[in-house]
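Student: Next come a sequence and a model predicted from it.
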2 protein chains.
Amino acid sequence: GDMIEIGSYIMERLVQLGCTKMFGVPGDFNLGFLDYIEDHPLIDWVGSCNELNAAYAADGYARVNDGSIGALTTTFGVGELSAINGIAGAFSEHVPVLHIVGVPSTSQQKNKPMLHHTLGDGRYDAYFKAAQQFTIAQASIDSKETAGAVIDRVLTECVVMARPVYLMLPTDLVSERIPAKRLKTPLNRTPPENDPDVEAFVLDEIVKLVEEAQGDAVILIDACAIRHSVKEEVKELFKRTGFPVYSAPMGKTAVDETEDRYGGIYVGSISHPDIKEKVESANLIISVGALKSDFNTGNFTYHIPIGRTIELHSDHTRVQFAGFPGIGMKRLLPKLTSRLHPFKEGAIKLDVPKFGLSVPQDNSDVITHEYFWPRVGEFFRPKDVIVAETGTSSFGILDVKLPSGAVFVSQILWGSIGWTVGSTLGAAMAAKERGLGRTILFIGDGSMQLTVQELSVMMHHNLKPIIFLLNNSGYTIERYIHGMKRKYNDITNWKWTHLLNTLGGEEGKTCQSYTVNNRDELSRLLDDATFASTGKIQLVEVMMPQEDAPRALKVQTELTGKSNRYAVTQWT
Amino acid sequence: GDMIEIGSYIMERLVQLGCTKMFGVPGDFNLGFLDYIEDHPLIDWVGSCNELNAAYAADGYARVNDGSIGALTTTFGVGELSAINGIAGAFSEHVPVLHIVGVPSTSQQKNKPMLHHTLGDGRYDAYFKAAQQFTIAQASIDSKETAGAVIDRVLTECVVMARPVYLMLPTDLVSERIPAKRLKTPLNRTPPENDPDVEAFVLDEIVKLVEEAQGDAVILIDACAIRHSVKEEVKELFKRTGFPVYSAPMGKTAVDETEDRYGGIYVGSISHPDIKEKVESANLIISVGALKSDFNTGNFTYHIPIGRTIELHSDHTRVQFAGFPGIGMKRLLPKLTSRLHPFKEGAIKLDVPKFGLSVPQDNSDVITHEYFWPRVGEFFRPKDVIVAETGTSSFGILDVKLPSGAVFVSQILWGSIGWTVGSTLGAAMAAKERGLGRTILFIGDGSMQLTVQELSVMMHHNLKPIIFLLNNSGYTIERYIHGMKRKYNDITNWKWTHLLNTLGGEEGKTCQSYTVNNRDELSRLLDDATFASTGKIQLVEVMMPQEDAPRALKVQTELTGKSNRYAVTQWT
Ligand SMILES: Cc1ncc(C[n+]2csc(CCOP(=O)(O)OP(=O)(O)O)c2C)c(N)n1
Ligand SMILES: Cc1ncc(C[n+]2csc(CCOP(=O)(O)OP(=O)(O)O)c2C)c(N)n1
Ligand SMILES: [Mg+2]
Ligand SMILES: [Mg+2]
């Protein structure tokens, strides 16, 4: 028809953007809107156990559902504030998430009665103000006249900027009818054009530098290459130029790790020595989508002078010391590829280290990190979605070469533990939509305790991830930072293999749990074809020594000084 | 000694305030501080599974540890934002909670490196700005010169205003030494004096009104009487004047419910008819510590004209239409009692309804709300701490007359579900310190799913609450509001009786779980002396019909209009 209800309008826009899941938790200020979600033929409602988990799920969904967005709905005050850490994480890590909050009616917002979920002092704008800190755009739908434009504006910001946005939806407007005409024009999803003169200048500058470098350039790819959708453009770049390509931790799998010209993970001083040498000795580094956080740079130990660096970003470019605001990489990269293509002949001769570890052959029976990561590396398959939680897992996985088409999901800048449980839920849903492979989560015992209930939602939706639960009796990563023997780094040991069954599964039927105590048990499980085929959701409790850690974490701790010199060295 | 480390200084102030538990979750920006907590002989570290639960626990602890405060520690960004909904709830409901956030060092705060847990854009003040919305005072300790004064200031605000405060503690200052001298002066915990002239005027005005009312006055006590510590003063008032006293839902147990002059819960139109009649027909209402939120007033249905009302608050007084800022009840009440004492002879003749329900004697076997609440009412003992979650529980418990010395804990204004699991943890700890009785929680199956992991922390600390888990297959309270048959109001059914054992207990040894399917099973369990003696933590799954609800909830729903007229009637 000509007219459409606001609730439906939002649904249609989501479908157009390729977003078909709505995460969230009901509350009396969003129930009316939930009707539209439940009734929509192409959108699935995914009710989470709590709002933080829902935000994490929307984030994980957005990461894997490349080019689209994630969406969640919560209720006024109590719901939205529960989700805010998840939203802030999406902001920090450049993930496009739409947060729709069901809020009191427009007349209540004017009269400000002391409703439940208010602060009791009439400040109806307090949550909005908090949300402003963690979203790239905010709006309250406050009339049916402007509703369509408001919705379109925040959605556009969300997609183009790859950051979360906040939208208040008052109870009395959900079912108001507005013209449907706008829906005929799809939302703009691409960044604005670069200024042609500046762009031309920048291209010339870069080409000059590559010439001066005698073609000895390497590409370093990072998080924002994934989030701002230039993976294909970068692939073209290194394929057609032959430049070696390395990845920062947050850029892992932005480049297929089986590519010939791929050399592995560069992370400053904690890189493998051959990678470190190759990257830092190159005459020129072309950095794409860098996010230079402490954990993503080996604690700020890039030994690459700015004079040898070109930085491409979503909204600006830097050539050595010169900044070019507004020159975005999405449109620059294809042109750069054409211009740099002629260097291929020389570049192809540049040596690329062989990335990846082999399983150690010592006689120990203990599942150490040194053994674990290469061993599970052999278990991965092309197109697997691999999620690693902050902790020993996010460090351990870095050295593993992932198969072709694999997608790596981690939260290295924000680093909120428990995030992977929610994000695995979202990632597994997106993986299905995208025809990807298995979803495999690595998570510590400590982290699982923050958000464990979301396992139940996975089962509710018949998802079948494999969950490796690293049981090392507490917060090992924190022990390495400070307080190795401290009680505050201990946790209660749960009966991990009972979890799935308790939270709604039927052990042996819809879920399966295992404990592996030694290398042999682990190996046999990994070699088991039934296990590998993930016919049901599976949880593997991996028994590991309390004070063991992956190489990268140990080196990082050494770098940052003796852990007991706490106050002084605190990660810088 | 003369000097004391900042970490220890904070500990000493907490001990002085009677706060002996520190809730929270470790993170690398607070680990140094945690050493001081773990090492302090009088303060216990209570590591929660996640930060929201820790905030809830600190809130529950503060409520039961009357006159003191609750405290929690989280880490920069990820930790503090996870807790923010719990802090906002404490703000809304007037609960004094100290939130200490471990933050980057003072030099990092100046240089703003892209540390993990930052937003990646250098905005180091974003979390502070968010916290400003939900706390009554905020500060960053930024030098050892000012540290003592800053700490004292926020702690004083916390206690005196009975609201949460926010304190940033940088890693490099935790172990700095400051003069210990300030500690010899205890913090001020009382509100300021009232202006004597104004106070005298107010007292005269009130006495005049009581005279005009011919002594036909009733007292209505509410939340802030508890939070601003005037329970004793109010007791004096009704004991020495003989005025009937009623309570709003949020004021339940502010007056001992076994008192002769206590008439029960007044909640506007959803009050029991005799209570409603008695309160609304009184010539004068003396309201103490009112917090007139929707659920606390039967959706704003007080039928009491302002012309017949005197309102006493922590920081102001209202006599009919006249406001008297700065005239606080703590100091006014004793004087009022002396002045009103002469009215006793008349007042004592005023009739007070008998409060409390009896167990229905019909032949049904089904555990309906109508049966359940009076029946568990018989199970309560003096001094029990009774916690009720938002949902059918918080409505159902209102009609139950609680025994002498019982403490009722609920979150009727903020209403964040899952809150009771954390707050039960804190409440149970405070109950021990205060020599109170058992801690008993009533919670819905939906609410438990938000924060379930905290059961494990209860067991870790050997707490033994009884948990009544009302299994009615989903969000029943929401069904009553909108979407009775909607899928979004369903939840996954867990194996509730496996929970405690899975989360670290040993079924039969350290924990015990039960399912009661009918009245007989429930009754037998309640009559079992071993059960009642709470030798271990116990969880009772109570099977209830999906669409059953307590009287008060049904009436409230009827009042607010047919549930399908969603947008229009939305609770006003
Ligand atoms: C929400 C949140 N709270 C606290 C922290 C601080 N923190 C970082 S890692 C970690 C411990 C993780 O322990 P676990 O998951 O067991 O990992 P592992 O033992 O393998 O290192 C903690 C508490 C955080 N990053 N995020
Ligand atoms: C954090 C938060 N999220 C969502 C809500 C909205 N809400 C209020 S009550 C409720 C359902 C509670 O269900 P349950 O605990 O099972 O209670 P019952 O079925 O007994 O009513 C929900 C989802 C809320 N109040 N707080
Ligand atoms: Mg661990
Ligand atoms: Mg329920």
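Tutor: Yep, that arrived. Ligands and ions are numbered 1, 2, ... in the order given.

Student: Please enumerate the helices of the stretch 201-350 of chain A.
Tutor: Along the stretch 201-350 of chain A, the stretches classed as helices by DSSP state H, counting those that start in this stretch are A:223-227, A:231-241, A:273-281, A:329-340, A:344-347.

Student: Tell me, how many residues neighbour the one residue in chain A that gets nearest to ligand 3?
Tutor: In chain A, the residue that lies nearest ligand 3 is A:G444 (3.6 Å; C-beta to the ion). In this view, the C-beta of every residue, glycine as well, is placed from N, C-alpha and C. If you count neighbours by other C-beta atoms under 10 Å in any protein chain shown, A:G444 ends up with 27.

Student: what sits against it?
Tutor: A:E389, A:G391, A:T392, A:S393, A:I417, A:L469, A:L470, A:N472, A:Y475, A:T476, A:I477 (C-beta atoms under 8 Å, 6 or more residues apart in numbering or on different chains).

Student: Quick check: A:V25 touching A:T74?
Tutor: Yes: at 6.1 Å, A:V25 counts as touching A:T74 under the criterion of C-beta atoms under 8 Å.

Student: any common contacting residues for these two?
Tutor: Contacts common to A:V25 and A:T74, judged by C-beta under 8 Å, 6+ apart, are A:E51, A:A54.

Student: How much space separates the residue of the stretch 251-400 of chain A found nearest ligand 2 from A:G418?
Tutor: Residue nearest to ligand 2 within the stretch 251-400 of chain A: A:E389 (23.8 Å; C-beta to the nearest ligand atom). Distance of A:E389 to A:G418, computed by C-beta to C-beta, to the nearest Å: 8 Å.

Student: part of a strand, is A:Y371?
Tutor: No: counting by DSSP: H, G, I helix; E, B strand; the rest coil, one finds A:Y371 to be helix, located in no strand.

Student: so where's the stretch 451-572 of chain A uncertain?
Tutor: A:560-572 (pLDDT under 70).

Student: mind redoing it with 80?
Tutor: Judged by pLDDT under 80, the stretch 451-572 of chain A has its weakly predicted residues at A:559-572.

Student: Could I get the full set of helices for it?
Tutor: Under DSSP H, counting those that start in this stretch, the stretch 451-572 of chain A gives helices at A:454-460, A:476-481, A:499-502, A:519-527, A:529-533, A:551-559, A:566-569.

Student: before we move on, back to that, among the contacts of A:G444, who's most crowded?
Tutor: Counting by other C-beta under 10 Å, top hit in the contacts of A:G444: A:E389 with 32 neighbours.

Student: pretty sure it contacts A:I417?
Tutor: Yes: using C-beta under 8 Å as the test, A:E389 is close enough to A:I417 to be in contact (6.4 Å).

Student: so what sits against both of the two?
Tutor: Joint contacts of A:E389 and A:I417 (C-beta under 8 Å, 6+ apart) are A:G444, A:S447.

Student: Let me see the contact set for the residue in the stretch 251-400 of chain A that ligand 1 sits nearest to.
Tutor: Closest to ligand 1 within the stretch 251-400 of chain A is A:G391: 2.8 Å, counting by C-beta to the nearest ligand atom. For A:G391, the contacting residues are A:I417, A:I443, A:G444, A:G446, A:S447, A:L470, A:Y475, A:T476, A:I477, by C-beta under 8 Å, 6+ apart.

Student: And for A:G405?
Tutor: A:G405 neighbours (C-beta under 8 Å, 6+ apart): A:D256, A:P382, A:K383, A:L436, A:G437.

Student: Between the residues you listed, which sits nearest ligand 4?
Tutor: Nearest to ligand 4 among those, with distances taken as C-beta to the ion, is A:L436, at 35.8 Å.

Student: Most tightly packed of the helices of the stretch 201-350 of chain A?
Tutor: helix A:223-227 (a mean of 26; mean count of other C-beta atoms under 10 Å in any protein chain shown).

Student: buried ones in stretch A:197-209?
Tutor: A:E199, A:V202, A:L203, A:E205, A:I206, A:L209 (16 or more other C-beta atoms under 10 Å in any protein chain shown).

Student: residues near the residue nearest to the fourth one when sequence neighbours are not counted, how many?
Tutor: If I follow you right, that is A:E205. Nearest residue to A:E205, sequence neighbours excluded (C-beta to C-beta, 6 or more residues apart in numbering or on different chains): A:V319, at 4.8 Å. Using other C-beta under 10 Å, A:V319 has 21 other residues around it.

Student: Please name the bridge partners of A:V319.
Tutor: Counting by DSSP bridges, A:V319 is bridged to A:I310, A:A322.

Student: Please verify my assumption that it contacts A:K208.
Tutor: No: assessed by C-beta under 8 Å, A:V319 is found out of contact with A:K208, at 9.3 Å.

Student: Does chain B have contacts with stretch A:499-515?
Tutor: Yes: interface with chain B: stretch A:499-515 contributes A:L499, A:N501, A:T502, A:L503, A:G504 (C-beta under 8 Å from any C-beta of the partner chain).

Student: Please give the centre-to-centre distance between stretch A:523-536 and its chain.
Tutor: Offset of stretch A:523-536 from its chain centre (C-alpha atoms, centre = their mean, to the nearest Å): 27 Å.

Student: in which helix or strand would I find the residue of the stretch 51-200 of chain A found nearest ligand 1?
Tutor: For the stretch 51-200 of chain A and ligand 1, the shortest gap (C-beta to the nearest ligand atom) falls at A:N85, measuring 6.9 Å. For A:N85, the element it lies in under DSSP states H and E is helix A:78-92.
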